[in-house]
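Undergrad: Below: sequence and its predicted model.
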Amino acid sequence: SLVGSGDVYKRQDGMSTENTETVISINHVSKVYKLFEKPMDRLKESLSLTHKNYHTDHFALEDISLEVHKGECVGIIGTNGSGKSTFMNIITGRLQPDEGKVEWSKNVRAGYQDQHTALEKGMTIRQVLTSAFDFLLDMEQELNGIYEKMGEADEDTMQQLMEDAGTLQELLTAHDFYMIDSKVEEVGRALGLSEIGLDKDVSELSGGQRTKVLLGKLLLEKPDILLLDEPTNYLDVSHIEWLKRYLNDYENAFILISHDIPFLNSVVNLIYHMDNQQLTRYVGDYDKFQEVYAMKKAQLEAAYNKQQKEIADLKDFVARNKARVSTRNMAMSRQKKLDKMDVIELAAEKPKPEFKFRYGRTPGKMLFETHDLVIGYDEPLSKPLNFTMERGQKIALVGTNGIGKTTLLRSLLGLIKPLSGSVEQGENLE
């Protein structure tokens, strides 16, 4: 079984010394949740207005199977609520399946991007990143112990000790043990952590910065398989480009959940589509998946329409001929064909959300105007700003994390006071 340690799940029996073809096998996994049948039933239950049982079984996952092999780059896609996070939680052992099992190959190290991992107050960003190599420090101690034993070993024992030392030495080299400081600096720069300061206490970080630190630590650990859930959240464009290059060069396997289509297209070579509690495998990137999925859907709809016409014709023949003695046998033959037919079913189309935003009151032509506005808290985050927004305009505010985008919005809304200058709000601004 796997045990959790920060972001890394490590098998009890240690670390891999061999390249294992199959990294993980998931066999006939199902997960059932109890859900309320109707929203009103949920409200009644929460208000304790009724003791009636409104629950029904609902499959989040049904008979899911897959294998991931060394070097495979897997993307898991599907609509929100389709079961992707449930699937990832089952892989990491946070949820137990109701049926089926998850089997890890021997000695596999799996790294999971766990955004709920506690960061200890008093630790710096550098210390957290460096802790990714703790298991290598333990390995170095083991190697030093072997060297000490060599001084008193006989010829047979020496041969075994040399083999063990060689294996550990190869693992230390493969996991960049002798380049720890430079690797920490490289990842810190790539994810924008160096701009924050690697010696900054992690307790002072924002949620987005904290996520970057955990992602950086995970990548430095170089596990046999990476489990990534929306890794591009909180990353700027330059950081995403670096992560693309990193994953393209990553020699081990990874499973990725992402709604970022360009990112998926650039890093995966297999797509698993989660839909109607089922997981379907497609070879290629997301664009290839869309092409094949559309073709399969069109073929299924054509087969469905053809079968529905055949069913209607058979039913019509049976209805017209079952009462006549001369045609009763033919009608019974058609009915048997109907009874034995494998009926094609089309999945129900999921409703698409529609939004309508209405003005409470029509605002004036000018929404707001700034006059030499300087935003910030203790230190200014901008030069004096002078700009206007009018009704109907749509503005995109872009910039790196921490540059002051949210502070500007809060200043425009009057939620925080500017360091200097002013904001003039228009009439009926809500």
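TA: Yep, it's here.

Undergrad: what about Leu415, distance to Gly208?
TA: If you measure Leu415 against Gly208 using CB to CB, to the nearest Å, the figure is 19 Å. All C-beta spots, glycine's among them, are computed from the backbone N, C-alpha and C.

Undergrad: Then Glu379?
TA: Counting by CB to CB, the separation of Glu379 from Gly208 is 20 Å.

Undergrad: where along this protein do the strands fall?
TA: Secondary structure of the chain (DSSP state E): strands located at 2-5, 8-11, 22-36, 55-69, 73-77, 99-104, 109-112, 225-229, 253-257, 270-275, 278-283, 366-374, 388-390, 420-425.

Undergrad: Output these as a markdown table; include the columns mean pLDDT, distance to Asn401 and mean neighbour count.
TA: As requested, the strands of the chain are exported to a markdown table (pLDDT from 0 to 100; distance: least, CB to CB, whole Å; neighbours: other CB atoms under 10 Å):
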| stretch | mean pLDDT | distance to Asn401 | mean neighbour count |
| --- | --- | --- | --- |
| strand 2-5 | 34 | 28 | 13 |
| strand 8-11 | 38 | 25 | 20 |
| strand 22-36 | 79 | 33 | 17 |
| strand 55-69 | 76 | 32 | 16 |
| strand 73-77 | 94 | 25 | 23 |
| strand 99-104 | 90 | 35 | 15 |
| strand 109-112 | 88 | 23 | 24 |
| strand 225-229 | 92 | 19 | 22 |
| strand 253-257 | 93 | 21 | 23 |
| strand 270-275 | 92 | 29 | 20 |
| strand 278-283 | 91 | 34 | 16 |
| strand 366-374 | 93 | 21 | 17 |
| strand 388-390 | 93 | 23 | 13 |
| strand 420-425 | 93 | 24 | 14 |
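
Undergrad: okay, these in a markdown table with distance to Ala396 next?
TA: Converted to a markdown table, the strands of the chain look like this (distance: least, CB to CB, whole Å):
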| stretch | distance to Ala396 |
| --- | --- |
| strand 2-5 | 40 |
| strand 8-11 | 38 |
| strand 22-36 | 38 |
| strand 55-69 | 36 |
| strand 73-77 | 26 |
| strand 99-104 | 43 |
| strand 109-112 | 33 |
| strand 225-229 | 26 |
| strand 253-257 | 26 |
| strand 270-275 | 30 |
| strand 278-283 | 33 |
| strand 366-374 | 16 |
| strand 388-390 | 12 |
| strand 420-425 | 20 |
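
Undergrad: Grab the most central residue of the protein for me.
TA: Centroid-nearest residue in the chain, with CA atoms, centre = their mean: Asp229, separated by 2.0 Å.

Undergrad: That one pairs with what?
TA: Using DSSP bridges, the bridge partners assigned to Asp229 are Ile257.

Undergrad: Kindly list the main-chain dihedrals of Leu381?
TA: phi -110, psi 0 (degrees, to the nearest 10).

Undergrad: Kindly provide the distance from it to Ser411.
TA: 10 Å.

Undergrad: cool, and Asp378?
TA: In terms of CB to CB, Asp378 sits 15 Å off from Ser411.

Undergrad: more neighbours, the two?
TA: Ser411 (24 against 5; other CB atoms under 10 Å).

Undergrad: Please verify my assumption that the more buried one contacts Gln425.
TA: No - counting by CB atoms under 8 Å, Gln425 is not a contact partner of Ser411; they are 11.6 Å apart.

Undergrad: Can you read off the pLDDT for Glu204?
TA: Looking at Glu204, its pLDDT stands at 84.

Undergrad: So what's the residue count around it?
TA: By other CB under 10 Å, neighbour count at Glu204 equals 12.

Undergrad: circling back to that earlier point, the more surrounded of Leu415 and Gly208?
TA: Neighbour comparison, Leu415 and Gly208: the larger count goes to Gly208, with 13 against 9 (by other CB under 10 Å).

Undergrad: Show the contacting residues for the more buried one.
TA: Contacts for Gly208 (CB atoms under 8 Å, 6 or more residues apart in numbering) come out as 233-234, 401.

Undergrad: And Asn144, by the same measure?
TA: Contacts of Asn144 by CB under 8 Å, 6+ apart: none found.

Undergrad: circling back: I'd assumed Met88 was in contact with the residue nearest to the centre of the chain.
TA: Yes - assessed by CB under 8 Å, Asp229 is found in contact with Met88 at 5.7 Å.

Undergrad: Now do the shared contacts for those two.
TA: Contact criterion CB under 8 Å, 6+ apart; residues shared by Asp229 and Met88: Ile257.

Undergrad: quick one on the thing from earlier: closest one of the contacts of Gly208 to Arg391?
TA: Asn401 (30.2 Å; CB to CB).

Undergrad: just checking, that closest one touches Gly192?
TA: Yes - between Asn401 and Gly192 there is a contact at 6.6 Å, judged by CB under 8 Å.

Undergrad: all helices for the stretch 251-400 of the chain, in order.
TA: Counting by DSSP state H, counting those that start in this stretch, the stretch 251-400 of the chain has these helices, from start to end: 261-267, 286-321, 328-340.

Undergrad: Just want the angle from the second one to strand 278-283.
TA: Pointing back at helix 286-321 there. With axes from the mean of the first three to the mean of the last three CA atoms, to 10 degrees applied, the angle from helix 286-321 to strand 278-283 works out at 130 degrees.

Undergrad: buried residues in helix 286-321?
TA: 286, 289-290, 292, 314, 317-318, 321 (16 or more other CB atoms under 10 Å).

Undergrad: What of the first one?
TA: Within helix 261-267, the residues that qualify as buried by neighbour count (16+ other CB under 10 Å) are 263-267.

Undergrad: can you check stretch 379-399 too?
TA: So for stretch 379-399, counting by 16+ other CB under 10 Å, buried means 381-382, 385.

Undergrad: For Tyr293, see how far away Pro405 is.
TA: Quick fix: residue 405 is Lys, not Pro. Using CB to CB, Lys405 is found at 37 Å from Tyr293.

Undergrad: what do you get for Glu427?
TA: Where Tyr293 is concerned, Glu427 sits at a distance of 50 Å (CB to CB).

Undergrad: Ok, Thr232 next?
TA: According to CB to CB, Thr232 and Tyr293 sit 23 Å apart.

Undergrad: Now Asp260: closest residue in space that isn't a chain neighbour?
TA: Computed as CB to CB, 6 or more residues apart in numbering, the closest residue to Asp260 that is not its neighbour in sequence is Thr232, at 5.0 Å.

Undergrad: Would you check how far apart that neighbour and Leu226 are?
TA: 14 Å.

Undergrad: Over to Asn80?
TA: In this view, Asn80 and Leu226 are 22 Å apart by CB to CB.

Undergrad: for Asp98, same thing?
TA: In this view, Asp98 and Leu226 are 27 Å apart by CB to CB.
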